[in-house]
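# I'll drop the sequence and a predicted model, then ask my questions.
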Amino acid sequence: MTATASTDVQPDPAGTGRLDSVGLAGFGYRQELRRSMGRYASFAAGFSFISVLTTVFQFFAFGFSFGGAAFFWTWPVVLVGQLLVAACFGELAARYPLSGAVYQWSTRLSTPVFGWFAGWIMVIGQVVVVAAAALALQVVLPAIWSGFQLVGGDPSPASASGAANAALLAVVLLVLTTAVNLLDNRVMSAVNRVGVTAEIIGAVLIVVLLFTHADRGPGVTLHTGGQGGAIGALLVGSFTAAYVLIGFDSAGELSEETRAPRRTAPRTILLALASAGVLGGLLLLGGLLAAPSLTDGRLGTEGLSYVLTSTLGDGVGRALLADVVVAIAVATLAIQTSGSRMLFSMARDGVLPASGPLSKVSPRTGMPTGPALVVGAAAAALCLLNLASPDAFLAIGTTCIAMLYLAYVMVTGPMLLRRLRGTYTPAAPGLDETGKPLFSLGRWGLPVNILAVLYGAVMTLNLAWPRGPVYDPAGGHWYFQWFTVLFLAVTVGAGTLWLTVRARRGATLPTLTR
């Protein structure tokens, strides 16, 4: 596919959205998805993917067990790094308001093959994130009611029975989110908005209650007390923040369903990340200050669920945990939606196996049904790995983070090269749908881009490094220790095989407009 698109669009000050399809046609695509999302829905897409309640509750115990209370300081470091990446994404979202954002951006900034691999790694990573989010139910539901522990008696995700139960709960949740993803996108958007509102209210309430029940001062965050040396412990402890603060690009993924996306998406990408970053940091700090004990071992195994029920009492604690369940469900829905849009975008260009059915949009619902089913089924299959071993829980979680970080670098990296070569054409002045200047970093573009690439590369290496005590704490399972590296190698290998077969058939990858 080749097309010519201008960064300028005809102004639509009223924000009716009627000219958005004209802008989409400039990229060579028809308006097939229903464009019904406003600013709050766009914000909700990014915030629900990040989902601070889901991810902080899921990975708090892990971060504390390795970094001790000092793992809190990895949070602002990761947040600043991700804001640098988000700022770069904001510029691209303003110029290329398209589904399959990472694939579309990387392809236009580099080559068709490099961009294809960025999209391929991203969509596989998103499938793994869906599985990881769904598995988070195990951290919360049994703490609310023991009846949710359907298998065995130990609810800890690190135990055999807890891991098996996590798989069952996750599959049930994925069935529900897949069903919602097959409905009209207005239903999906409404569920998302309501869920995000409940999550924000719940998170604020939890923060207030934790700080009002604090037993110690913030000076406790200066002590590591985790496993290994201080630096190594904090590098592993940063996994918590790294896992939480991803997915802000979802507002870009849903650009073709958003009104005035050139104006809306850049701002909601940054707002979703910044607000989630502040709330998440306060949750971490509040949990450390209000925990009944930092030394009895429970904070490193049960995490924030233990803090809520022990400090606030069973009644209030369980009510707040119920809100976390809502957040987990909405996060799983949002991530699955984002992944399905990536599949749809690549299939629309005819660059995936079974591109025909994967690129079809239901005329009744305006939703790509094939991608939603594929993402849901693949995520459920990954969840079943938990039945084999509880170590799969951490392996799945860390693998998805590393893959998304790598995909992000495959956007910011080519972006930096084009800046250095003076060919970064998206920096040209333009107007959004309201007739105002497009979001731009201006003279800060180059330093922000450099720092974003360096940060992304270092964090990707940190996340993928095969540490035995982290990925295979019980020992004897080399494949879990190397799971992230092996999974990435298989992903790249499968992609290479597909492109080779495709080339032998005489098919070429499309050249997308820059």
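Received, thanks.

# name the helix or strand for the closest residue to A170 other than its chain neighbours, please.
In space, A170 comes closest to A134 once its chain neighbours are excluded; the distance is 3.6 Å by Cβ to Cβ, 6 or more residues apart in numbering. Placement of C-beta: from N, CA and C, glycine included. A134 is part of helix 112-135 when elements are defined by DSSP states H and E.

# just the C-alphas of that helix, formatted as PDB.
This file holds the C-alpha atoms of helix 112-135, laid out as PDB (Å, rounded to 0.1, in the frame of the first residue of the first chain):
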ATOM      1  CA  PRO A 112       8.500  -2.300   6.000                       C
ATOM      2  CA  VAL A 113      10.400  -5.300   7.400                       C
ATOM      3  CA  PHE A 114      11.500  -3.500  10.600                       C
ATOM      4  CA  GLY A 115       8.100  -2.100  11.100                       C
ATOM      5  CA  TRP A 116       6.500  -5.400  10.600                       C
ATOM      6  CA  PHE A 117       8.700  -7.000  13.300                       C
ATOM      7  CA  ALA A 118       7.800  -4.100  15.600                       C
ATOM      8  CA  GLY A 119       4.100  -4.800  15.100                       C
ATOM      9  CA  TRP A 120       4.600  -8.600  15.300                       C
ATOM     10  CA  ILE A 121       6.500  -8.400  18.600                       C
ATOM     11  CA  MET A 122       4.000  -5.900  20.000                       C
ATOM     12  CA  VAL A 123       0.900  -7.900  19.200                       C
ATOM     13  CA  ILE A 124       2.400 -11.100  20.700                       C
ATOM     14  CA  GLY A 125       3.500  -9.100  23.700                       C
ATOM     15  CA  GLN A 126      -0.100  -7.700  24.000                       C
ATOM     16  CA  VAL A 127      -1.400 -11.300  24.000                       C
ATOM     17  CA  VAL A 128       0.900 -12.100  26.900                       C
ATOM     18  CA  VAL A 129      -0.100  -9.000  28.700                       C
ATOM     19  CA  VAL A 130      -3.800 -10.000  28.400                       C
ATOM     20  CA  ALA A 131      -2.900 -13.400  30.000                       C
ATOM     21  CA  ALA A 132      -0.900 -11.700  32.800                       C
ATOM     22  CA  ALA A 133      -3.700  -9.300  33.600                       C
ATOM     23  CA  ALA A 134      -6.300 -12.000  33.800                       C
ATOM     24  CA  LEU A 135      -4.100 -14.100  36.100                       C
END
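
# from the chain's centroid, how far away is it?
10 Å (Cα atoms, centre = their mean, to the nearest Å).

# tell me the buried residues in that helix?
Of the residues in helix 112-135, 112, 115-135 count as buried by neighbour count, 16 or more other Cβ atoms under 10 Å.

# show me what it is packed up against.
helix 52-67, helix 101-109, helix 160-181, helix 314-348, helix 369-383, helix 391-421, helix 483-504 (3 or more Cβ pairs under 8 Å, 6 or more residues apart in numbering; DSSP states H and E).

# between those, which gets nearest to L235?
Minimum separation from L235 across the helices and strands packed on helix 112-135 (Cβ to Cβ) falls at helix 52-67, 8.6 Å.

# next SSE after that closest one?
That would be, after helix 52-67 and using DSSP H and E, helix 74-95.

# how big is the angle separating the helix or strand hosting L271 from helix 52-67?
For L271, the enclosing helix or strand under DSSP H and E is helix 261-290. When axes from the mean of the first three to the mean of the last three Cα atoms, to 10 degrees is applied, the directions of helix 261-290 and helix 52-67 differ by 50 degrees.

# then stretch 416-427 to PDB, C-alphas only?
Below are the C-alpha coordinates for stretch 416-427, written out as PDB (Å, rounded to 0.1, in the frame of the first residue of the first chain):
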ATOM      1  CA  LEU A 416      15.900   9.200  16.700                       C
ATOM      2  CA  LEU A 417      17.800   8.100  13.600                       C
ATOM      3  CA  ARG A 418      15.500  10.200  11.400                       C
ATOM      4  CA  ARG A 419      16.000  13.200  13.600                       C
ATOM      5  CA  LEU A 420      19.800  12.800  13.500                       C
ATOM      6  CA  ARG A 421      19.600  12.500   9.700                       C
ATOM      7  CA  GLY A 422      17.400  15.500   9.400                       C
ATOM      8  CA  THR A 423      14.600  13.500   7.700                       C
ATOM      9  CA  TYR A 424      12.100  13.500  10.500                       C
ATOM     10  CA  THR A 425       9.300  14.900   8.300                       C
ATOM     11  CA  PRO A 426       6.500  14.400  10.900                       C
ATOM     12  CA  ALA A 427       8.100  17.300  12.800                       C
END
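
# what number of residues lie near G422?
8 (other Cβ atoms under 10 Å).

# related to what we said a few turns ago, my guess is the residue nearest to A170 meets C383, correct?
Yes: the pair A134 and C383 passes the contact test of Cβ atoms under 8 Å, sitting 6.1 Å apart.

# report the angle between the helix holding A134 and helix 314-348.
Using the same axes, to 10 degrees: helix 112-135 against helix 314-348 is 160 degrees.

# ok, back up a step: can you name the element that comes right after the helix holding L271?
helix 303-311.

# who does that following helix touch, helix- and strand-wise?
Short answer (3+ Cβ pairs under 8 Å, 6+ apart): helix 303-311 packs on helix 52-67, helix 137-144, helix 185-212, helix 261-290, helix 314-348.
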